[in-house]
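J.: show me how the following folds:
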Amino acid sequence: MIIPEGKKIYFSSDNHLGAPSSEASKPRELKFVKWLDEIKEDAAAIFLLGDLFDFWFEYKYVVPKGFVRTLGKLAEIRDSGIPVYFFVGNHDLWMKDYFENELNIPVYHQPKEFEFNNKKFLIGHGDGLGPGDIGYKRMKKVFTNPLSKWLYRWLHPDLGVPLAQYFSVKNKAISGVEDQEFLGEDKEWLIQYCRRKLETTHYDYFIFGHRHLPLEIDLNGRSTYINTGDWISHYTYAVFDGGQLQLQKL
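T.: Numbers count the residues shown, from 1 in each chain. You can find the predicted model right below:
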């Protein structure tokens, strides 16, 4: 993809809408919708890198209540012809085809390569990548197992949705309602993941969310790891103008 003159690509993640409650997350949702409304003027594409919702599960005929302002704005942007891409996070990993069918937004469950203006990108949410985090990786295998999802669908939404929301908010480290601290390059799993990928393939940029911590890390003098932060305490996002990728703050 060649970015037209004056256009930009935007990257955002970790809104966790609905946490710790619908009322408490409403001001954050309004800020996000306003931001979407502003960037649509010069957006060549928009990437949402997961955990847009603090919980999302698609029953056969039901999706979680709420978030109509966000969904409506995304529909408007997509209908205007601006590409929007969604990568599921660990909180909305039970997303199926609702975004694709209703909003015409492709949904990805794994990191994916893109090329913009001859720059190579690897983009994803970031959960479960790199060494360590064995407990979460095991839990993710259980949650993404088709049998687990089939069994969960037998819970009535009035029980299944609030139950999942309760446990999601209870796990503060995952929900991102507490500040995160930078662990150092040798202990950050995503940095280690990026460096291992560079052993076999060159990427100009790695862009992930999940950490709730805005980061811009030089990997080898030719590649950069960007973490987009969150819309809970940092209100940060990344912008690629066709030449450079930078973190920006609302």
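J.: find the helix or strand that residue 217 is a member of.
T.: Assigned by DSSP states H and E, residue 217 falls within strand 214-218.
J.: swap in residue 14?
T.: Going by DSSP H and E, residue 14 is not in any helix or strand.
J.: my guess is it contacts residue 231, does it?
T.: Yes: judged on Cβ atoms under 8 Å, residue 14 makes contact with residue 231 at a distance of 6.4 Å. Quick note: C-beta positions are derived from backbone N, CA and C, even for glycine.
J.: check which residues of the biggest helix by length in the chain are buried.
T.: Criterion DSSP state H: the longest helix present in the chain is helix 22-39. In terms of neighbour count (16 or more other Cβ atoms under 10 Å), helix 22-39 has its buried residues at 25, 28-29, 32-33, 35-36, 39.
J.: what's the following helix or strand after the helix or strand of the chain with the lowest mean pLDDT?
T.: Within the chain, no helix or strand scores below helix 172-175, which has a mean of 44 by mean pLDDT, DSSP states H and E. Later in the chain than helix 172-175, the nearest helix or strand by DSSP H and E is helix 189-198.
J.: and the contacts of that following helix?
T.: 122, 126, 129-133, 185-186, 203, 206, 208, 210-211, 217, 219-220, 223, 225, 227 (Cβ atoms under 8 Å, 6 or more residues apart in numbering).
J.: check which element follows the longest helix of the chain along the chain.
T.: strand 43-48.
J.: given that following strand, what are its sheet partners and their directions?
T.: Applying DSSP bridges, strand 43-48 is found paired with strand 8-12 (parallel), strand 84-87 (parallel).
J.: using TSV, please lay out those together with mean pLDDT and distance to residue 100.
T.: Converted to TSV, the strands paired with strand 43-48 look like this (pLDDT from 0 to 100; distance: least, Cβ to Cβ, whole Å):
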stretch	mean pLDDT	distance to residue 100
strand 8-12	98	19
strand 84-87	98	9
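J.: turn the ones you listed into JSON lines, columns for mean neighbour count and distance to residue 61.
T.: Compiled in JSON lines, the strands paired with strand 43-48 are given as follows (neighbours: other Cβ atoms under 10 Å; distance: least, Cβ to Cβ, whole Å):
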{"stretch": "strand 8-12", "mean neighbour count": "23", "distance to residue 61": "29"}
{"stretch": "strand 84-87", "mean neighbour count": "22", "distance to residue 61": "21"}
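J.: what would the buried residues of helix 22-39 look like in TSV with pLDDT and distance to residue 98?
T.: Formatted as TSV, the buried residues of helix 22-39 follow (pLDDT from 0 to 100; distance: Cβ to Cβ, whole Å):
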residue	pLDDT	distance to residue 98
25	92	20
28	96	22
29	97	18
32	98	19
33	98	19
35	98	22
36	98	18
39	98	23
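J.: compare residue 14 and residue 231 (neighbour count), which wins?
T.: Set side by side, residue 14 and residue 231 show more neighbours around residue 14, with 29 against 26, by other Cβ atoms under 10 Å.
J.: from residue 52, how far out is residue 107?
T.: 11 Å (Cβ to Cβ, to the nearest Å).
J.: check residue 208 too.
T.: 15 Å.
J.: shared neighbours of residue 107 and residue 52, anything?
T.: residue 86.
J.: filter the contacts of helix 189-198 down to just the buried residues.
T.: 122, 126, 129-130, 203, 206, 208, 210-211, 217, 219, 223, 225, 227.
J.: what stretches of this structure score poorly on pLDDT?
T.: 135-137, 164, 166-179 (pLDDT under 70).
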